[in-house]
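Q: Need a 3D model of the sequence below.
(chains A and B)
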Amino acid sequence: MVRIRVTHTENGPIPSEKVVTIPTTTGTEEVVVHKSQVTAEGVEAGFIGEEGDRMLVELPRETVSGRWRVWIPKTARVA
Amino acid sequence: MILTDREIQAFLASNQITIEPAPQPGAYSSTSVDLTLDEPGEVWKDLPGQPIRPNASGYNYASLESRKDKVSLTGYHFRPRTLLLAWTKEDIALPHTSRIAARVEGKSGLARLGLLVHMTAPTIHAGFRGQIQLEMCNLGPYDIVLDAGMTICQLIFEITFGTPIKGYSGQFSGQTASGNPTVP
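A: Numbering: from 1, shown residues only, chains lettered A, B, ... in the order given. Reported below is the predicted structural model:
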């Protein structure tokens, strides 16, 4: 597992959830996650692979736009 | 393979599955466990002439939330041919190291009234953590009165064949036989 920097966090639709915005290589993605999956450092994600300066990760849940896996800049990884 | 009640309880006892609050003894069947309805739910506002375009730039969480209202699900009159978003009270965790996934399914007695609890893939993936969101629809002819705390769905647990890629962390993460990181 890796941890990805979030650019924005807000309350989710229910108290146990948060909405986080993460940077991707094409912009940003929003994803609703369980509050335990977000810390001050970022949100947990699964490492899938890498290519050049980008990394493919699987997020804890499907993003608002419908993606599970997204390319993020390697610089967005914090742990 | 589908887990039986004995195996579900064994996995719960060893924290390979967690369900909080814990299901009551009567919530189990031979191969499933019932979950209950939480407060509140969400309904879409009636905004005629304002279509939603999922592929548009600017499609985001805030724009969707502004189109929804929270509703209490205690004594809630679920009208025919309407959509309700709700959640299970139970918070579920399926660590990917447990090699367990699940399916959320409706209850037959409620289905015969016309109540659907999900519309798309019922899969709760290995690694999931949280309360399960339900996309509910009333296809019956009558209002169905819901009450928070009522049994609303059931979970069926299955053993996965292998561990997902994201479950392999550490020195072998991303490696292939050729030694080059792979991107599936």
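Q: show me where chain B has strands.
A: With strands called from DSSP state E, chain B shows them at B:18-20, B:28-29, B:32-36, B:41-44, B:68-71, B:76-78, B:83-93, B:100-105, B:115-116, B:123-124, B:129-138, B:144-146, B:151-159.
Q: Chain A is nearest to which of those?
A: With CB to the nearest CB, the closest approach to chain A among the strands of chain B belongs to strand B:129-138: 3.9 Å. Yep, even glycine has a C-beta here, placed from its N, CA and C like the rest.
Q: picking up where we left off before, just put the strands of chain B in CSV and tack on mean pLDDT, mean neighbour count and distance to A:Arg67.
A: CSV is the format used below for these (pLDDT from 0 to 100; neighbours: other CB atoms under 10 Å in any protein chain shown; distance: least, CB to CB, whole Å):
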stretch, mean pLDDT, mean neighbour count, distance to A:Arg67
strand B:18-20, 98, 16, 27
strand B:28-29, 95, 15, 35
strand B:32-36, 97, 22, 27
strand B:41-44, 97, 19, 22
strand B:68-71, 97, 14, 22
strand B:76-78, 98, 19, 31
strand B:83-93, 97, 20, 20
strand B:100-105, 96, 20, 19
strand B:115-116, 96, 18, 25
strand B:123-124, 94, 17, 16
strand B:129-138, 97, 21, 17
strand B:144-146, 98, 18, 32
strand B:151-159, 97, 20, 24
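Q: Tell me which of the ones you listed sits nearest to A:Val6.
A: Proximity of the strands of chain B to A:Val6 was assessed by CB to CB; the nearest stretch is strand B:129-138, lying at 16.9 Å.
Q: so what strands line up beside the closest one?
A: Sheet pairing here is set by DSSP bridges, and for strand B:129-138 it gives strand B:83-93 (antiparallel), strand B:115-116 (antiparallel).
Q: need the contact list for residue 21.
A: By default, I'm working from chain A. A:Thr21 sits next to A:6-9, A:28-30 when contact means CB atoms under 8 Å, 6 or more residues apart in numbering or on different chains.
Q: wait, I meant chain B there
A: The contact partners of B:Pro21, taken as CB under 8 Å, 6+ apart, are B:89-90.
Q: One more: A:Thr28?
A: Counting by CB under 8 Å, 6+ apart, the residues that A:Thr28 touches are A:7, A:21-22.
Q: Out of the residues you listed, list just those in strands.
A: Among the contacts of A:Thr28, the members falling in strands (DSSP E) are A:21-22.
Q: In JSON lines: the contacts of A:Thr28, plus pLDDT.
A: Shown next, in JSON lines, are the contacts of A:Thr28 (pLDDT from 0 to 100):
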{"residue": "A:Thr7", "pLDDT": "95"}
{"residue": "A:Thr21", "pLDDT": "97"}
{"residue": "A:Ile22", "pLDDT": "96"}
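Q: can you tell me the residue of chain A closest to chain B?
A: A:Gly46 (2.2 Å).
Q: can you list contacts of stretch A:66-79?
A: Surrounding stretch A:66-79, the residues in contact under the criterion CB under 8 Å, 6+ apart are A:2-5, A:22-26, A:29, A:41-42, A:48, A:50, A:53-59, A:61-63, B:54.
Q: Just to be sure, the residue of chain A closest to chain B is in a helix?
A: No: counting by DSSP: H, G, I helix; E, B strand; the rest coil, one finds A:Gly46 to be strand, located in no helix.
Q: Run a quick neighbour tally on the spatially closest residue to it that is not a sequence neighbour.
A: Nearest non-adjacent residue to A:Gly46, counting by CB to CB, 6 or more residues apart in numbering or on different chains: B:Lys166, 2.2 Å away. The number of residues packed around B:Lys166, counting by other CB atoms under 10 Å in any protein chain shown, is 22.
Q: A:Lys18: what's it in contact with?
A: A:Lys18 neighbours (CB under 8 Å, 6+ apart): A:9-12, A:32-35, A:37-38.
Q: Next, the contact list for the residue of chain A closest to chain B, please.
A: For A:Gly46, the contacting residues are A:1-2, A:57-59, B:96, B:127, B:164-167, taking CB under 8 Å, 6+ apart as the criterion.
Q: If anything else comes up later, I'll come back, but that's it for now.
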